[in-house]
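> sequence first, then the predicted structure:
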2 protein chains.
Amino acid sequence: MSENETAPAAPHGGWLSDEQLRAWIAFMKVRLRMSFEMNRQLQADSGLSLADYDVLAALSGEPEARMTLSGLSSKVGWELSRTSHHVKRMAIRGLVETRRADSDRRVTEAQLTDDGWGTLRTAAPGHVELVRSLFFDCLPSEMVSSMATIFETIDANLGSLPEPTS
Amino acid sequence: MSENETAPAAPHGGWLSDEQLRAWIAFMKVRLRMSFEMNRQLQADSGLSLADYDVLAALSGEPEARMTLSGLSSKVGWELSRTSHHVKRMAIRGLVETRRADSDRRVTEAQLTDDGWGTLRTAAPGHVELVRSLFFDCLPSEMVSSMATIFETIDANLGSLPEPTS
């Protein structure tokens, strides 16, 4: 993503600065490798994919562990079609239930089942152990605080966007 | 992921500290929302999904823009079956080519085509513009430097793991 002669056009605001590029490359490498490692650990220890875990964790944070599929889509960062397909497969496995929303029969909601809750609770300790050992154990505490502040700043910036389609 | 009475077991090293949990939640929210926004922008402006872009960008960084499917899997953080399926669909669209590796006929390699290069170059400016405006414009430069250092530290820690299956 740095400037190079073969790129046909520059972004309006120019390319990233060297320092931004350095931060972005490191962020992307960690994002992709962490996804791989989290997925591998979850599969091996709990028979869950990272995508399954993201859905279980997203639902578990909502009142009555229930969300519309479009709300769930924006929370986990997927297109609606992927969410719909994935939730259907999780429902077959008994981890979630889907139903028409009382407030609007055209809207589908997903809710954690008791089995879904149990699966999440059983998977959580191993997942947290992995996150701590791969992500946090190498960081001095002042870096953890800086990281929290940096990502809360970006999250607030993202929160000023229009909501994802709901 | 914080301690609660219903969790059946704690991780070996204990749950995350409050500050680690704060950093992790902010990181995950940004990770998921950025995925959603990057995917939406790429789809709208270039007809690419974020997954397509990740594959194009991963290949473009390699010598001859070529990788084995298992190398590509670990670089983009997917299971081999997902990579294999996704690359097959990108090959139908002419963005990549696949072939048996000269060095080992059992191994499949993927390589960017000229069309794949052209698509990546055309998509890059809009993608970078989005990343800059959503992710970097809200950060003072000292936070960008801190973030680079933090993620390079984590990346070095991840680099000490055994390589993903290759």
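In hand now; what should we look at?

> the closest residue to residue A:139 other than its chain neighbours: neighbour count?
Once flanking residues are discounted, residue A:139 sits nearest to residue B:153: 6.2 Å by Cβ to Cβ, 6 or more residues apart in numbering or on different chains. C-beta coordinates here come from the backbone N, C-alpha and C atoms, glycine included. Applying other Cβ atoms under 10 Å in any protein chain shown, we find 16 residues neighbouring residue B:153.

> residue A:125 and residue B:11 touch, don't they?
Yes - taking contacts as Cβ atoms under 8 Å, residue A:125 lies within contact range of residue B:11: 4.5 Å.

> let me see the contact set for residue A:112.
Residues near residue A:112 by Cβ atoms under 8 Å, 6 or more residues apart in numbering or on different chains: A:56, A:59, A:60, A:65, A:66, A:95, A:96, A:120.

> let me know the pLDDT of it.
Among the per-residue scores, residue A:112 shows a pLDDT of 98.

> that one and chain B, how far apart?
Going from residue A:112 to chain B by Cβ to the nearest Cβ, to the nearest Å gives 13 Å.

> now swap in residue A:30 and tell me
For residue A:30 relative to chain B (Cβ to the nearest Cβ), the value is 5 Å.

> that residue falls within a helix, correct?
Yes - judged by DSSP: H, G, I helix; E, B strand; the rest coil, residue A:30 forms part of a helix.

> around it, how many other residues sit close by?
Neighbour number of residue A:30 under other Cβ under 10 Å is 22.

> what are the neighbouring residues in contact with it?
Residues counted as contacts of residue A:30 (Cβ under 8 Å, 6+ apart) are A:135, B:151, B:154, B:155, B:158.

> and the pLDDT for the last one?
Think residue B:158. For residue B:158, the predicted pLDDT is 91.

> quick one: the strands in chain A, in order.
Taking DSSP state E to define them, one finds strands in chain A at A:66-68, A:96-100, A:108-112.

> what angle do the helix or strand of chain A with the lowest mean pLDDT and strand A:96-100 make?
Using mean pLDDT, DSSP states H and E, the weakest-scoring helix or strand in chain A turns out to be helix A:69-76, at a mean of 90. Computed with axes from the mean of the first three to the mean of the last three Cα atoms, to 10 degrees, the direction of helix A:69-76 lies at 140 degrees from that of strand A:96-100.

> report the distance from helix A:69-76 to the chain centre.
Here the centre of helix A:69-76 is set off from its chain's centre by 10 Å, with Cα atoms, centre = their mean, to the nearest Å.

> helices and strands around that helix, which ones?
helix A:50-60, helix A:80-92, strand A:108-112, helix B:18-46 (3 or more Cβ pairs under 8 Å, 6 or more residues apart in numbering or on different chains; DSSP states H and E).

> so how far is the shortest one off the chain centroid?
I take that to be strand A:108-112. In terms of Cα atoms, centre = their mean, the centre of strand A:108-112 is found 18 Å from the chain centre.

> how about stretch A:34-48?
The chain centre lies 14 Å from the centre of stretch A:34-48; the measure is Cα atoms, centre = their mean.

> nearest to residue A:82, out of the strands of chain A?
Closest of those to residue A:82 is strand A:108-112, at 13.4 Å (criterion: Cβ to Cβ).

> in its sheet, what does that closest one sit against?
Using DSSP bridges, strand A:108-112 pairs in its sheet with strand A:66-68 (antiparallel), strand A:96-100 (antiparallel).

> most tightly packed of those?
strand A:66-68 (a mean of 20; mean count of other Cβ atoms under 10 Å in any protein chain shown).

> how far out from the middle of the chain is that strand?
Strand A:66-68 sits 16 Å away from the centroid of its parent chain (Cα atoms, centre = their mean).

> only alpha carbons, please: show stretch A:26-38 as CSV.
Extracted C-alpha coordinates of stretch A:26-38, given in CSV (Å, rounded to 0.1, in the frame of the first residue of the first chain):
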residue,chain,number,x,y,z
ALA,A,26,1.9,-5.1,11.9
PHE,A,27,-1.8,-4.8,12.7
MET,A,28,-2.8,-6.9,9.7
LYS,A,29,-0.1,-9.6,10.3
VAL,A,30,-1.3,-9.9,13.9
ARG,A,31,-5.0,-9.9,12.9
LEU,A,32,-4.5,-12.7,10.4
ARG,A,33,-2.1,-14.8,12.4
MET,A,34,-4.3,-14.5,15.6
SER,A,35,-7.3,-15.6,13.5
PHE,A,36,-5.4,-18.7,12.4
GLU,A,37,-4.2,-19.6,15.9
MET,A,38,-7.5,-18.9,17.6
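
> buried ones in it?
Residues of stretch A:26-38 classed as buried by neighbour count (16 or more other Cβ atoms under 10 Å in any protein chain shown): A:26-38.

> make a markdown table from those and add pLDDT to it.
Below are these laid out as a markdown table (pLDDT from 0 to 100):
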| residue | pLDDT |
| --- | --- |
| A:26 | 93 |
| A:27 | 94 |
| A:28 | 90 |
| A:29 | 89 |
| A:30 | 92 |
| A:31 | 90 |
| A:32 | 87 |
| A:33 | 88 |
| A:34 | 91 |
| A:35 | 89 |
| A:36 | 88 |
| A:37 | 92 |
| A:38 | 93 |
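
> appreciated, that's everything.
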